[in-house]
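below: sequence and its predicted model.
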Amino acid sequence: MRKYVIPKVEKIIVDERKVTHSKLMVLTEKILLTPINIDVKLKAENVDICYPPIFQSGGKYDLRPAAFSNDEDLYYDSGSVIICAFGAKYSGYCSNVARTFLVDCTAEKSNAYKVLRQAHDAAIAALTPGSKVSSSYQAAVAVVRDKAPELLPFLTKSAGAGIGIEFHETWLSLSEKNDRTLKDGMIFNVSLGDAFYSFDEENAGLPSMKPALKAEVMVSVKPVLKPDLMLPMRENLRSRSRTPKEDLRKQLQSEILKNKTIEAAMRSDAADRNKLLKGHSHSRAMEELVAYKSASDMPGSNRLEIQVDKQNEAILLPIYGVTVPFHVCTVKKVEIRGDSNRGVYVSITFNVPGTASSLHAPHLQNLIFLKAATFLSKDRSHAEEVIKSVKTLQKGVTERTRRASLVSQERLQLCNGMRRDRIQFPDLWIRPTFAGHGRKVPGTLVAHVNGFQYSASKSEKVDIMFNNIKHAFFQPAERDMITLLHFHLYDEIMVGNKKTRDVQFYNEVMDVVDSVGLKRRPAWDPDEIEEEQRERARRKEINRQFELFVKRVSSVWSQPRFDQLGLHFESPSQKLGFNGVHGRTTCYIIPSPSCLVQLVESPFLVTSLREVEIVCLERVSLGQKSFDMVFVFQDLKRDVVRIEVIPTTSLDKIK
């Protein structure tokens, strides 16, 4: 502004030349992007513009950064006003400067400019830590009301906004209604103007700079810039290069990539050393699955047919005249194929190394394994009985294995005292559901001394211990038709015959309505209006009951004996959600203070963000309507979590 714009405008006026506003815009932009041409020692690759320079005169003014320089000539006759404004970026950080040139103006205009300058100074003085953001604009309004009340109706509706990595941080707008608190490290671009006289009081010089026509306006509440206070906002679409936040993000990511590569190499070396020291002790070899310790333990039978030994969990197959036993865990699939006059075929497929199974035998990779065997049976009923017995045996072994892998929980301590004094919630449904019900049966959730107990009947109970709760969520019905309490656990528990880490209790806020006829009812139908009112009342009442239960439980969790557990209910923020495919169908995924969750449809999604190492955004390219997101966890043994087909419109929000 000092080295180029002011001398350029002065020379145009003195020489009485005709130069258009758009021409001045182009010339100034070139200087901004090549500062060495005016002996400003800044690297050109670190410099960019926030918006094209703005030159206005001749009575047509627009005080917004989105304004443009038209093709009319610069007007500098006596009594005229010239406005120049432009914003520049250096190393990704934004600045802004604007000047008002008065050409032989009347006393009235000069006085208005003076009042505006005083209001501008008052707005800066009000920016102190601990004050409200709105106090800045209120201070400016007070000066204008006192000095020149006739200008008050034409004053701009804000005194500026926060500035930093983003040019205009809306959340730090210096408006009358912004009740946020000013903190150390916040930086503001104070911009004040009068729409009647069109005096723009904007600039971004550092506090030490004192241009001839303007005082400093870049105000730092504390002269330390903290990028984490800069909330990402929408970038000016008129920028001609990549956005600075994108450049900064790429720079940070390159540093992260370098560090993660080093960590991965160190982790790989450590794994190799442990492998040499410990051998293969962590691998579960197939030879550990022993049905019989010796041939004498096998059942004595001369029948060369498929047999199932339930006691020893084995299936005996006749192979070349010899009965050969196989542990049932080695069987992957058994089925009947074909049906002809000769009989049916019994096909048995085995789990072997190199296939997708739970059995691992890396040191047996070079050996030969039996992958499948097929037998012809003339007796279809016997074949069906064999298959049924094998599947029943596999189910029992799987069930026992599941229960054996469960971490033992402490014993539930029941509450003493009257039933009416208990913290309980009746008529709740549970997910996952209990097996064997033709219909859903509601139950009661009760908070006891050290955990919850849910009971739908005498034989169906689920205990959830407080010390096993990793995350607790309360999600009222807003977009969906259920209000729910969801518990994500550290260790899996059994709900009926299902092993799960997520247990949910919910209630439907809308009854199922059967359509009586195909005729569409009008919007003003009294019955339909009454029905909608009942649904709203039901939704409100159910949400209130859940909130009451959550408050009562939270009061228990706030006791000193639960401090180490850090238990509290989180409520996902519906407004920040986005659509994506997790599992099989598209669902609405919502962030909570510590997680990314989807709690309405099964399978549930609960991703604890503190456990995430990196997040990969895939298929992000120009022209794509959707992209994918992959979460890689700090525990590299865990499977990644994929969320697919996310609309590209949600990309900036997710970043």
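Everything's here; your move.

what about the nearest residue to Ile589 once chain neighbours are set aside, neighbour count?
Distances taken as Cβ to Cβ, 6 or more residues apart in numbering put Gln598 closest to Ile589, at 4.8 Å, once the chain neighbours are dropped. (Each C-beta comes from the backbone N, C-alpha and C, glycine too.) Here the count is done by other Cβ atoms under 10 Å, and Gln598 has 21 residues near it.

from Arg544, how far off is Glu530?
Relative to Arg544, Glu530 is positioned 21 Å away (Cβ to Cβ, to the nearest Å).

let me fix that, I meant to ask about Leu636.
45 Å.

okay but Ala435 is in contact with Lys498, surely?
Yes. Between Ala435 and Lys498 there is a contact under Cβ atoms under 8 Å: 7.4 Å.

what are the ranges of the helices in the stretch 551-655 of the chain?
Listed in chain order, the helices of the stretch 551-655 of the chain (DSSP state H, counting those that start in this stretch) span 651-654.

one step back: who's more crowded, Ala435 and Lys498?
When neighbours are counted by other Cβ under 10 Å, Ala435 and Lys498 differ, and Lys498 comes out ahead with 13 against 10.

now the more buried one, nearest residue through space, not along the chain?
That would be Pro432: by Cβ to Cβ, 6+ apart, it lies 4.9 Å from Lys498.

quick one: contacts for the one you found?
Each residue near Pro432 by Cβ atoms under 8 Å, 6 or more residues apart in numbering is listed here: Val495, Gly496, Lys498, Thr500, Val503, Ser602.

pLDDT score assigned to the spatially closest residue to Arg145 that is not a sequence neighbour?
Once flanking residues are discounted, Arg145 sits nearest to Leu152: 5.7 Å by Cβ to Cβ, 6+ apart. The score at Leu152 is 86. That number is its pLDDT.

what kind of secondary structure is Leu152 in?
For Leu152, the secondary structure call by DSSP: H, G, I helix; E, B strand; the rest coil comes out as helix.

okay, it and Leu192: tell me how far apart.
12 Å.

so if I had to pick from those two, which one is more boxed in?
Leu192 (29 against 11).

isn't the more buried one up against Lys157?
No. Contact criterion Cβ under 8 Å: Leu192 and Lys157 do not qualify, at 10.6 Å.

mind listing the strands for the stretch 151-300 of the chain?
160-162, 187-190, 193-194, 199-200, 218-220 (DSSP state E, counting those that start in this stretch).

what's the average pLDDT for the last one?
For strand 218-220, mean pLDDT rounds to 43.

and the longest strand anywhere in the chain, which residues are buried?
Looking across the chain with DSSP state E, the single longest strand is strand 482-495. If you call a residue buried by 16 or more other Cβ atoms under 10 Å, then strand 482-495 has these buried ones: Ile482, Thr483, Leu484, Leu485, His486, Phe487, His488, Leu489, Glu492, Ile493, Val495.

one more: stretch 110-128?
112-113, 115-124, 126-127.

determine which two of the contacts of Pro432 are furthest apart.
Gly496 and Ser602 (14.7 Å; Cβ to Cβ).

more neighbours, those two?
Legend: neighbour count by other Cβ under 10 Å for Gly496 and Ser602, higher for Gly496 (16 against 13).

so Arg539 sits in a helix?
Yes. The assignment for Arg539 is a helix, going by three-state DSSP.

next one: it from Ser110, what distance?
62 Å.

where are the low-confidence patches of the chain?
Along the chain, the model assigns pLDDT under 70 to residues 195-243, 269-289, 301, 354-366, 402, 404-405, 417-418, 436-440, 511-524.

any idea where the helices of it begin and end?
5-15, 21-33, 107-125, 134-147, 244-278, 380-405, 526-557, 651-654 (DSSP state H).

for those, give me TSV that also has distance to Asp62.
Putting the helices of the chain into TSV (distance: least, Cβ to Cβ, whole Å) gives the following:
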stretch	distance to Asp62
helix 5-15	18
helix 21-33	12
helix 107-125	17
helix 134-147	20
helix 244-278	25
helix 380-405	69
helix 526-557	46
helix 651-654	27
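
number of nearby residues for Glu72?
14.

now Val40
13.

phi first, then psi, for the residue lying closest to it once chain neighbours are set aside.
Distances taken as Cβ to Cβ, 6+ apart put Lys3 closest to Val40, at 6.9 Å, once the chain neighbours are dropped. Dihedral angles of Lys3 (phi, psi; degrees, to the nearest 10) stand at phi -90, psi -20.

contacting residues around Lys3?
Neighbours of Lys3 in contact, by Cβ under 8 Å, 6+ apart: Ile38, Asp39, Val40.

switch the cut-off to 10 Å
Applying Cβ atoms under 10 Å, 6 or more residues apart in numbering to Lys3 gives the contacts Ile31, Pro35, Asn37, Ile38, Asp39, Val40.

the last one and Ile348: what is the separation?
Applying Cβ to Cβ, the value for Val40 to Ile348 is 81 Å.

now the fifth one
Distance of Asp39 to Ile348, computed by Cβ to Cβ: 86 Å.

please apply the same query to the fourth one.
Using Cβ to Cβ, Ile38 is found at 84 Å from Ile348.

what about the two, which has more around it?
Higher neighbour count among Ile38 and Ile348: Ile348, with 23 against 12, using other Cβ under 10 Å.

give the contact list for the closest residue to Gly343 other than its chain neighbours.
Sequence neighbours aside, Lys378 is the residue nearest to Gly343 in space, at 4.0 Å (criterion: Cβ to Cβ, 6+ apart). Residues in contact with Lys378 (Cβ under 10 Å, 6+ apart) are Asn341, Arg342, Gly343, Val344.

kindly report the same for Phe326.
So Phe326 contacts Leu289, Ala291, Ala314, Ile315, Leu316, Leu317, Ile348, Phe350, Leu370, Ala373 (Cβ under 10 Å, 6+ apart).

can you rerun that using 6 Å?
Phe326 makes contact with Ile315, according to Cβ atoms under 6 Å, 6 or more residues apart in numbering.
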